[in-house]
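Participant: here you go, sequence then predicted model.
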Amino acid sequence: AAERVAAVSAWFDALPARALLVIDDADLLDDDSMLVVHHLLVTRSASVIAALRATPADAASTSFAPWLDDGLLELMALEPLLEDEVAAVVETHLGGVLAPALLRAIHTASEGNPLLVDELVRHNLVAGRIVRRAGVWSATDLSAPASVVELLRMRLVPLGEEARRALTLVAFAGPLAEST
């Protein structure tokens, strides 16, 4: 495990410019991944955006607390989008007004998560379930993508070889098996 931590840290250190590392579900990072993040923060080899499912009080009491105390991380609470905010995002994307039933369905299914709002709209547009009639967007049988794997596949296929290679290097760092 130490070799992997060193390899990932060395890769970031060798980059010609400061990198941006985005971590989703940072509260689920294993110890080795936390060591890499610590190295990147302390050496300022990368800027880090870490999303975690916690209240600000929870985050301040986690393993992120020393980094918050030292000013290496800044805490920003993100709330789910409200229904009117979902309407604004989707109506801007689609260029028209949403039927109230479609808005409720998207907001309920996504729970206000912007990524899920976007994916629900994309998936259902491609599937022909979201249609425009008389200037108003509506849907029949709104559905979500079949799985996270499908979602990732849809996102990765259009990327170039260099981007996929970079993602492979980042994936190299984890997840690691928990020690017992």
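Facilitator: Cool, got the structure.
Participant: report the contact partners of Glu85.
Facilitator: Gly112 (C-beta atoms under 8 Å, 6 or more residues apart in numbering). For every residue, glycine as well, the C-beta is placed using N, CA and C.
Participant: what residue ranges in this protein are flagged as low confidence?
Facilitator: In the predicted model of the chain, residues 1, 53-61, 77, 145-157, 164-180 satisfy pLDDT under 70.
Participant: so the residue positioned nearest the centre of the chain versus Ala127, what's the distance?
Facilitator: Centroid-nearest residue in the chain, with C-alpha atoms, centre = their mean: Asp24, separated by 5.1 Å. Applying C-beta to C-beta, to the nearest Å, the value for Asp24 to Ala127 is 26 Å.
Participant: contact partners of stretch 12-26?
Facilitator: 29, 36-37, 39-40, 43-53, 64, 170.
Participant: which ones among these map onto strands?
Facilitator: Among those, DSSP state E puts 46-50 in strands.
Participant: just send those back as TSV, with distance to Glu83 and neighbour count too.
Facilitator: Putting the ones in strands among the contacts of stretch 12-26 into TSV (distance: C-beta to C-beta, whole Å; neighbours: other C-beta atoms under 10 Å) gives the following:
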residue	distance to Glu83	neighbour count
Ala46	36	20
Ser47	33	12
Val48	32	17
Ile49	26	14
Ala50	28	19
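Participant: same list, those residues, but as TSV with distance to His123 please.
Facilitator: Converted to TSV, the ones in strands among the contacts of stretch 12-26 look like this (distance: C-beta to C-beta, whole Å):
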residue	distance to His123
Ala46	32
Ser47	31
Val48	30
Ile49	25
Ala50	27
